[in-house]
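Enquirer: I'll drop the sequence and a predicted model, then ask my questions.
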Amino acid sequence: MASSEEEVTLLGVVGSPFLHRVQIALTLKRVEYKYVEDDLNNKSDLLLKYNPVYKMIPVLVHNEKPISESLVILEYIDETWKHNPILPSDPYQRALARFWAKFIDDKCVAPAWKSAFMADEKAREKATEELFEALNFLENELKEKFFGGEEINFVDIAAVFIPIIQEVAEMQLFTSEKFPKLFKWSQDFYNHPVVKENMPPKDQLFAYFKARAQSLAANKK
Ligand SMILES: N[C@@H](CCC(=O)N[C@@H](CS)C(=O)NCC(=O)O)C(=O)O
């Protein structure tokens, strides 16, 4: 638990998988925090002040000190509130967890988004090809119920956008025939009580993705 002298504030936009990563970690650690919803079409002064470099949510503000970038925030949370660890204690296993979380950001996030929401069919097919190539690695990495073993860890939390997009996209990202282990993981992870507690209702998730897709398409014109 965060002590009563600690002030923890989280800036976000409900529906953003990057925000939900941080919320899942805070819930796992049972850290109480104040949530502040931002508006990406009209960013708050607070967001611009706390993340002037990327101007992106999520931002965690701990006792007035801002931290940005969801994976960096997860590591900060794990080092600050040490109970219920989300990174393994063994240095090699920690390095591997960081490797796969970075791989998810570098190789899976953009193709998954494009494969689910791009209007152009050719671009969508290309993205799906890239995504499947990347997901194949994750499928082979899944040896137990979760990437973290019997409990969810850093890599599971990083991969939260997979079940989210499976949930909201008209066409699922992939089937159980294509990636059986990942498919089961996606369902188990989404139904984990801590994850469930932090997931907005489907219509709210859907509204977020629809608005983001429209705003990204408008910015490209
Ligand atoms: N690498 C960042 C990505 C965060 C991100 O993409 N945030 C989006 C919302 S999902 C955002 O704030 N976008 C603001 C903008 O595009 O202007 C992280 O892991 O925190």
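Expert: It's in. Residues are numbered from 1 along each chain as shown.
Enquirer: from now on I want contacts and neighbour counts done on CA atoms only, so please keep to that.
Expert: OK.
Enquirer: export stretch 159-174 to PDB, keeping only CA atoms.
Expert: Output for stretch 159-174, consisting of C-alpha atoms alone and laid out as PDB, is shown next (Å, rounded to 0.1, in the frame of the first residue of the first chain):
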ATOM      1  CA  ALA A 159       1.100  -7.600 -24.000                       C
ATOM      2  CA  VAL A 160      -2.200  -6.300 -22.600                       C
ATOM      3  CA  PHE A 161      -3.100  -4.700 -26.000                       C
ATOM      4  CA  ILE A 162      -3.400  -8.200 -27.600                       C
ATOM      5  CA  PRO A 163      -6.600  -9.200 -25.600                       C
ATOM      6  CA  ILE A 164      -7.900  -5.600 -25.800                       C
ATOM      7  CA  ILE A 165      -7.700  -5.600 -29.600                       C
ATOM      8  CA  GLN A 166      -9.100  -9.200 -29.700                       C
ATOM      9  CA  GLU A 167     -12.000  -7.800 -27.700                       C
ATOM     10  CA  VAL A 168     -12.800  -4.700 -29.800                       C
ATOM     11  CA  ALA A 169     -11.700  -5.400 -33.300                       C
ATOM     12  CA  GLU A 170     -14.500  -6.600 -35.700                       C
ATOM     13  CA  MET A 171     -12.200  -9.400 -36.800                       C
ATOM     14  CA  GLN A 172     -10.100 -11.100 -34.100                       C
ATOM     15  CA  LEU A 173      -6.400 -10.600 -34.500                       C
ATOM     16  CA  PHE A 174      -5.900 -14.300 -34.700                       C
END
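Enquirer: please begin residue numbering at 17 from this point
Expert: Sure, I'll start numbering at 17, so the last one becomes stretch 175-190.
Enquirer: how far out from the middle of the chain is that stretch?
Expert: Using Cα atoms, centre = their mean, to the nearest Å, the mean C-alpha position of stretch 175-190 is found 12 Å from that of the whole chain.
Enquirer: how about it: buried residues?
Expert: Within stretch 175-190, the residues that qualify as buried are 175-185, 189-190, counting by 16 or more other Cα atoms under 10 Å.
Enquirer: which residues make contact with it from outside it?
Expert: Contacts to stretch 175-190, defined as Cα atoms under 8 Å, 6 or more residues apart in numbering, come from residues 33-34, 36-37, 117, 120, 125, 128-129, 131-133, 199, 202-203, 205-206, 218, 221-222, 225.
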